[in-house]
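Visitor: the sequence isn't on hand, but the structure is:
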Ligand SMILES: CC(=O)N[C@H]1[C@@H](OP(=O)(O)OP(=O)(O)OC[C@H]2O[C@@H](n3ccc(=O)[nH]c3=O)[C@H](O)[C@@H]2O)O[C@H](CO)[C@@H](O)[C@@H]1O
Ligand SMILES: C=C(OP(=O)(O)O)C(=O)O
């Protein structure tokens, strides 16, 4: 079992490059199986556990997948099988995104029903309602969801009760090959939706309006493989922004797209963090004193739930009390208990957490409860007193490429070790010339 050990107290400085976005590449890989002709070549693909999982899902369906040097080549032109078993869906809920492409191309798809996860119950009713509106028959039973249609899906007008990212993606992919026009109203507006629409359009789809609350899709008869570069990961960028802010450091984040990070930039600025656009990236400079603020997570362009726990770590060091309200997932506060192990003073009130600032945070052994919680605990460890040990790194590896290595390159005192190595290597080995930035900041 591996863990990350971080010792707080170092200011982070330097430059870091953001990878391609996990949440953009997963739907794009799922969409690649719609192509009945030609190969798709995807660039800037992050080397993540989730990418390996979705590659396995489509390989298992008979697609040829080759992943090397951040590029994936996918040939799905051979006949595919139309089933995704539980072993993949259990590892990664985004496996359910193959349902729309399968239904569109073959008139049939069967995927293990994704269960809930640490952040909430995460139903897929809106995906299924969309398929039904397009004429599919949907059956849920024996742990599977199966959708079929006789002939082609039919274009339809679909209103989403909540702007679900996954439902928008699944319906958009299905509608790309449906007969006639589909209109998705109250759809998700995330940058990853725009990236998927751009990919599908390069494959020959006719989609307009991605990034707004109404997407219009004119179905076409077939789609072909294409070449596409994945957009940069706004959540990874946001995580490094918090790393600069929490250590009072100065980090240049190459590839960070300010347009995708408006709400995060605005909240960090409220907390006194300096942020400048520079050569196609962002420079982030942490202040001497962070100011408390309040955050409410919302669908894009509101504040992203995937940055909620990292901001909670930052609020611990702000002057005053901050409040975080989580409106997207009903159970995304599992990390609060772990922060408390580090001596954080936090109170959960319904869907809000009241975070007491000026924390006297102390290193402790803590467990990641989801992938963003893993990052948040590491961020807190950068400024906590002593050693923080973060376990359950399988969550981190789903969504971050070498986070410990990248933070170390920026000056953090951080190591990833397996438990045996830690016993062999006493804490003293990890010690360093403490430049004590906390003293400088106060
Ligand atoms: C792989 C990927 O891109 N994951 C992201 C995606 O997840 P995902 O696509 O699963 O998230 P959704 O936008 O679908 O979920 C948002 C809310 O809608 C609800 N809902 C969703 C679908 C449905 O059929 N019925 C329903 O009620 C969910 O329970 C949740 O409360 O968007 C989330 C919200 O920005 C992010 O946190 C995830 O990182
Ligand atoms: C919740 C997340 O991802 P997923 O939807 O893949 O679980 C995330 O990226 O923070």
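Guide: Right, received. Where do you want to start? None of these values were measured; they are calculated from a predicted model. Numbers count the residues shown, from 1 in each chain. Ligands and ions are numbered 1, 2, ... in the order given.
Visitor: so which bits of this structure are right by ligand 2?
Guide: Residues of the chain lying near ligand 2 by C-beta under 6 Å from any ligand atom: 23, 93-94, 119, 306, 371-372, 399. Backbone N, C-alpha and C define where each C-beta goes, glycine included.
Visitor: now the residues you listed: which count as buried?
Guide: Buried residues within the residues of the chain next to ligand 2, counting neighbours by 16 or more other C-beta atoms under 10 Å: 23, 93-94, 119, 306, 371-372, 399.
Visitor: turn the residues you listed into CSV, columns for distance to ligand 1 and pLDDT.
Guide: Listed next are these as CSV, based on distance: C-beta to the nearest ligand atom, whole Å; pLDDT from 0 to 100:
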residue, distance to ligand 1, pLDDT
23, 3, 97
93, 6, 89
94, 4, 92
119, 7, 87
306, 5, 98
371, 9, 95
372, 8, 97
399, 8, 95
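Visitor: of all the residues you listed, which comes closest to residue 80?
Guide: Nearest to residue 80 out of those is residue 94 (C-beta to C-beta; 18.1 Å).
Visitor: ok, and the closest non-adjacent residue to that closest one?
Guide: The spatial neighbour of residue 94 that comes closest, neighbours along the chain excluded (C-beta to C-beta, 6 or more residues apart in numbering), is residue 26 at 4.3 Å.
Visitor: who's in contact with the residue in the chain that ligand 2 sits nearest to?
Guide: Nearest residue of the chain to ligand 2: residue 306, at 3.9 Å (C-beta to the nearest ligand atom). Shown in contact with residue 306 (C-beta atoms under 8 Å, 6 or more residues apart in numbering): 23, 235, 238, 372.
Visitor: what does residue 219 give?
Guide: 152-153, 155, 175-182, 206.
Visitor: ok, the spatially closest residue to it that is not a sequence neighbour - how many residues close by?
Guide: The shortest distance from residue 219 to any non-neighbouring residue, by C-beta to C-beta, 6+ apart, is to residue 178 (4.0 Å). Residues near residue 178, counting by other C-beta atoms under 10 Å, number 24.
Visitor: quick one: residue 178 and residue 158 touch, right?
Guide: No - with contacts defined as C-beta atoms under 8 Å, residue 178 does not count as touching residue 158, sitting 11.0 Å away.
Visitor: give the residues shared as contacts by the two.
Guide: With C-beta under 8 Å, 6+ apart as the test, residue 178 and residue 158 both reach residue 134.
Visitor: if we can go back for a sec, what about the residue of the chain closest to ligand 2, which SS state?
Guide: Following DSSP: H, G, I helix; E, B strand; the rest coil, the label given to residue 306 is helix.
Visitor: same deal with residue 284?
Guide: Residue 284 ends up strand, using three-state DSSP.
Visitor: how about the residues of the stretch 301-442 of the chain by ligand 1?
Guide: Residues of the stretch 301-442 of the chain lying near ligand 1 (C-beta under 6 Å from any ligand atom): 305-306, 328-329.
Visitor: most neighbours of all these, which one?
Guide: Of these, with other C-beta under 10 Å as the count, residue 306 tops at 25 neighbours.
Visitor: so what secondary structure elements neighbour the one helix or strand residue 245 maps to?
Guide: According to DSSP states H and E, residue 245 maps onto helix 234-246. If you count contacts as 3 or more C-beta pairs under 8 Å, 6 or more residues apart in numbering; DSSP states H and E, helix 234-246 packs onto strand 250-254, helix 262-270, strand 281-285, helix 308-315, helix 371-383, helix 403-409.
Visitor: can you tell which of the ones you listed is closest to residue 187?
Guide: helix 262-270 (18.6 Å).
Visitor: I'd like to know which elements the closest one is packed against.
Guide: Against helix 262-270 (3+ C-beta pairs under 8 Å, 6+ apart) you get helix 234-246, strand 274-278.
Visitor: now do 10 Å
Guide: If you count contacts as 3 or more C-beta pairs under 10 Å, 6 or more residues apart in numbering; DSSP states H and E, helix 262-270 packs onto helix 234-246, strand 274-278, strand 281-285, strand 290-291, strand 294-296, helix 308-315.
Visitor: just send those back as a markdown table, with mean pLDDT and mean neighbour count too.
Guide: A markdown table is the format used below for those (pLDDT from 0 to 100; neighbours: other C-beta atoms under 10 Å):
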| stretch | mean pLDDT | mean neighbour count |
| --- | --- | --- |
| helix 234-246 | 98 | 27 |
| strand 274-278 | 98 | 14 |
| strand 281-285 | 98 | 22 |
| strand 290-291 | 98 | 21 |
| strand 294-296 | 98 | 18 |
| helix 308-315 | 98 | 28 |
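Visitor: dump these into JSON lines; add distance to residue 1 as well.
Guide: Shown next, in JSON lines, are these (distance: least, C-beta to C-beta, whole Å):
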{"stretch": "helix 234-246", "distance to residue 1": "23"}
{"stretch": "strand 274-278", "distance to residue 1": "37"}
{"stretch": "strand 281-285", "distance to residue 1": "33"}
{"stretch": "strand 290-291", "distance to residue 1": "34"}
{"stretch": "strand 294-296", "distance to residue 1": "33"}
{"stretch": "helix 308-315", "distance to residue 1": "22"}
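Visitor: can you say which of those is nearest to residue 255?
Guide: Using C-beta to C-beta, the nearest of those to residue 255 is strand 281-285, at 5.8 Å.
Visitor: rewinding a little: which one of the residues of the chain next to ligand 2 is nearest to residue 38?
Guide: Nearest to residue 38 among the residues of the chain next to ligand 2, with distances taken as C-beta to C-beta, is residue 94, at 24.1 Å.
Visitor: surely the closest one meets residue 49?
Guide: No - the criterion here is C-beta atoms under 10 Å, and residue 94 misses it with residue 49 at 11.8 Å.
Visitor: quickly list what's touching both of those two.
Guide: 22, 398 (C-beta atoms under 10 Å, 6 or more residues apart in numbering).
Visitor: just give me the neighbour total for the spatially closest residue to residue 341 that is not a sequence neighbour.
Guide: Leaving aside its sequence neighbours, residue 341 sits nearest to residue 364 (C-beta to C-beta, 6+ apart; 4.6 Å). For residue 364, the count of nearby residues is 20 (other C-beta under 10 Å).
Visitor: could you check how far residue 364 is from residue 388?
Guide: Remark: distance between residue 364 and residue 388 (C-beta to C-beta, to the nearest Å) = 6 Å.
Visitor: same question, residue 237
Guide: 23 Å.
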